[in-house]
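[1] The sequence and its predicted three-dimensional model are supplied below.
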Amino acid sequence: MPTKYDTSGIQTLKPTIWVGKHGVTPEVAGEIRAQLEVRDMIKIKWLKNTPMDPLAVVNGTGGVVVATRGRTMVIARKRG
């Protein structure tokens, strides 16, 4: 049974990670891991000319995709 996440504050959450033209580099992945240790949820935005792959972002970061809309995604820390 999938675990539900509280999505009530997603619209007001400000993006804390911006993925640039180089995509998700090891430095960006490390920053995602560091922010997930401190916060429950983070919002990530992509530039228009950057290929977007939400599952590639969460692989190895300890997060799970909560929502994706356009070029923005919200990931949360895995529970358990």
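    That came through, no problem. Residues are numbered from 1 along each chain as shown.

[2] Just the mean pLDDT for stretch 37-48, thanks.
    Mean pLDDT, stretch 37-48: 93.

[3] what about Glu31, helix or strand, and which?
    Using DSSP states H and E, Glu31 sits in helix 26-38.

[4] Same question for that helix: list its buried residues.
    Across helix 26-38, burial judged by 16 or more other C-beta atoms under 10 Å covers 28-29, 32, 35-36. Glycine gets a C-beta too; all of them are placed from N, C-alpha and C.

[5] dump the residue contacts of Asp40.
    Contact analysis of Asp40 by C-beta atoms under 8 Å, 6 or more residues apart in numbering lists 76-77.

[6] Apply 10 Å and report the result again.
    Counting by C-beta atoms under 10 Å, 6 or more residues apart in numbering, Asp40 touches 5-6, 9, 66, 76-77, 79.

[7] now Val74
    5, 7, 9-11, 13, 15, 41-44, 54, 63, 65-68.

[8] Mark which of the residues you listed are part of helices, please.
    If you go by DSSP state H, the contacts of Val74 have Pro54 in helices.

[9] Drop anything exposed from the contacts of Val74.
    Buried by 16+ other C-beta under 10 Å: 5, 10, 41-44, 63, 66-67, out of those.
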